[in-house]
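Participant: I need the structure of the sequence given here:
(chains A and B)
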Amino acid sequence: MVAAVIGVIRSRNLFVVVMLGGIYSFLMATVMVALDAVDVAMTEAAVGAGMSTVLLLAVLGLVKTREAPLRHSPFIPLLVCFLTGAALIYGTLSLPPFGRQDTPTNQHVAPYYIKNSVKETGSPNIVTAVLASYRGYDTLGETTVIFTGGIGVLILLSTSRRRRLKQSSDEDSST
Amino acid sequence: MIRDTIILRVVIKLLLPAILLFALYVQFHGDYGPGGGFQAGVAAAAAIILYGLVFGVSAARKIVPQKFLFSLIPIGVLVFSGTGIVSWFFGANYLDYSPFGSDSKSGQHLGILIVELGVFITVFSTMLAIFYSFAGRSEILSLDGDTDK
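Facilitator: Purely as a prediction, here's the structure:
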């Protein structure tokens, strides 16, 4: 993963960057599998490696595949990245060790789900039971977020498209 | 787009049903194995997008027409939120699927399936619509350039 990230930073060819991003996502998915989060791994593989790579490739069909040279010094963004990363790592220091029994996440509702989800929903996959049944409101919210995001992208792209079409028809009539 | 590569064309045609079948498997097996509406929607959309990348967006539009796709986006959310309203008619709380079946277990089962279907429809159509609008822009740009047509 580190090699993929360094490749993304070093490479000027955007095609290579997109492919390395896909590789990074696949590696991330394997990390999720190693953590026994198969559902998350599947989402990461499908969305991170599959969908965003394909969408970025579709964008690369529209733009040049070489990255433009930098016009400003990279030190301030670098500093911001390091500060944010340091803050996040500092935050993880106070997290309880991975997999401990007596942490709040393992004490609150999780034992209830593990004990009762098969009995109450008939679904052996606890993740699905929690997502669709116990936390149905949250999933409804997520679906609405996807809906809103999609509508937003469509509005952005289709207005400029209409303008573009109108422009080209104007040019046709003027010439 | 790549139009003249016979290997890509043949391989995509072979892979397309397999990807779609896998998406349906992930969708309807989500109760028992990993996966669910979200992953299945993305997989199905990826299948159509692959087809569109190789054969051109107009060919993909023949499989899933754009108008139909755009109407699917709100339908998915409506299926999900409508399920909650149907639970009201059964006298239960919003998004409580227990009264759908003869006992609460089968009701929950049916409810989860319907809700996952709503998620699937929304994710699938949104992803594909984003791809269509990107690719549609490239078509318009090439029309403007008048280079190859």
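
Participant: run a quick neighbour tally on the residue of chain A found nearest chain B.
Facilitator: Residue of chain A nearest chain B, by C-beta to the nearest C-beta: residue A:150 (3.3 Å). All C-beta atoms are positioned from the backbone trio N, CA, C, and that covers glycine. When neighbours are defined as other C-beta atoms under 10 Å in any protein chain shown, residue A:150 has 23 of them.

Participant: contacting residues for it?
Facilitator: Contacts of residue A:150 were listed using C-beta atoms under 8 Å, 6 or more residues apart in numbering or on different chains, and they are B:73, B:122, B:125-127, B:129-130.

Participant: remind me, longest helix of chain B?
Facilitator: helix B:104-145 (DSSP state H).

Participant: who are the packing partners of it?
Facilitator: helix A:52-60, helix A:110-121, helix A:136-174, helix B:6-28, helix B:37-55, helix B:57-63, helix B:66-89 (3 or more C-beta pairs under 8 Å, 6 or more residues apart in numbering or on different chains; DSSP states H and E).

Participant: for residue B:101, which of these is the nearest?
Facilitator: Nearest to residue B:101, of all the helices and strands packed on helix B:104-145, is helix A:110-121, at 11.3 Å by C-beta to C-beta.

Participant: how distant is the helix or strand of chain B with the lowest mean pLDDT from the center of its chain?
Facilitator: The least trusted helix or strand in chain B, going by mean pLDDT, DSSP states H and E, turns out to be helix B:104-145, with a mean of 78. Offset of helix B:104-145 from its chain centre (C-alpha atoms, centre = their mean, to the nearest Å): 4 Å.

Participant: could you give the angle of it to helix B:6-28?
Facilitator: Taking axes from the mean of the first three to the mean of the last three C-alpha atoms, to 10 degrees, one finds helix B:104-145 and helix B:6-28 inclined to each other by 150 degrees.

Participant: between helix B:104-145 and helix A:52-60, how many degrees?
Facilitator: Angle, helix B:104-145 to helix A:52-60, by the same axes, to 10 degrees: 20 degrees.

Participant: for residue A:125, what are its contacts?
Facilitator: B:30-34.

Participant: out of those, which are close to chain A?
Facilitator: When contact is defined as C-beta under 8 Å from any C-beta of the partner chain, these meet chain A at B:30-34.

Participant: turn the residues you listed into CSV, including secondary structure, distance to residue A:92 and neighbour count.
Facilitator: Shown next, in CSV, are the ones next to chain A among the contacts of residue A:125 (DSSP: H, G, I helix; E, B strand; the rest coil; distance: C-beta to C-beta, whole Å; neighbours: other C-beta atoms under 10 Å in any protein chain shown):
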residue, secondary structure, distance to residue A:92, neighbour count
B:30, coil, 31, 27
B:31, coil, 34, 20
B:32, coil, 34, 11
B:33, coil, 31, 15
B:34, coil, 26, 19
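
Participant: could I get the residues you listed as JSON lines with pLDDT?
Facilitator: Shown next, in JSON lines, are the ones next to chain A among the contacts of residue A:125 (pLDDT from 0 to 100):
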{"residue": "B:30", "pLDDT": "71"}
{"residue": "B:31", "pLDDT": "71"}
{"residue": "B:32", "pLDDT": "73"}
{"residue": "B:33", "pLDDT": "70"}
{"residue": "B:34", "pLDDT": "72"}
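
Participant: so residue B:32 touches residue A:126, yeah?
Facilitator: No - Residue B:32 lies out of contact with residue A:126 (C-beta atoms under 8 Å); the separation is 11.3 Å.

Participant: so what's the closest residue to chain A within chain B closest to, chain neighbours aside?
Facilitator: Proximity of chain B to chain A (C-beta to the nearest C-beta) peaks at residue B:126, 3.3 Å away. Distances taken as C-beta to C-beta, 6 or more residues apart in numbering or on different chains place residue A:150 nearest to residue B:126, at 3.3 Å, with adjacent residues excluded.

Participant: quick one: contacts for the spatially most central residue of chain A?
Facilitator: Geometric centre of chain A, nearest residue: residue A:48, 5.7 Å, by C-alpha atoms, centre = their mean. Residue A:48 is in contact with A:22, A:24-25, A:28-29, counting by C-beta under 8 Å, 6+ apart.

Participant: in chain A, where is pLDDT below threshold?
Facilitator: Within chain A, the stretches with pLDDT under 70 are A:99, A:105-106, A:121-123, A:159-175.

Participant: quick one: contacts for residue A:113?
Facilitator: Contacts of residue A:113 (C-beta under 8 Å, 6+ apart): A:126, A:129-130, A:134.

Participant: could you rerun that using 6 Å?
Facilitator: When contacts are counted by C-beta atoms under 6 Å, 6 or more residues apart in numbering or on different chains, residue A:113 touches A:126, A:130.

Participant: how near is it to residue A:128?
Facilitator: 11 Å (C-beta to C-beta, to the nearest Å).

Participant: now the residue most central in space within chain B: closest residue in space that isn't a chain neighbour?
Facilitator: Nearest residue to the geometric centre of chain B (C-alpha atoms, centre = their mean): residue B:124, 2.3 Å. Nearest residue to residue B:124, sequence neighbours excluded (C-beta to C-beta, 6+ apart): residue B:41, at 3.9 Å.
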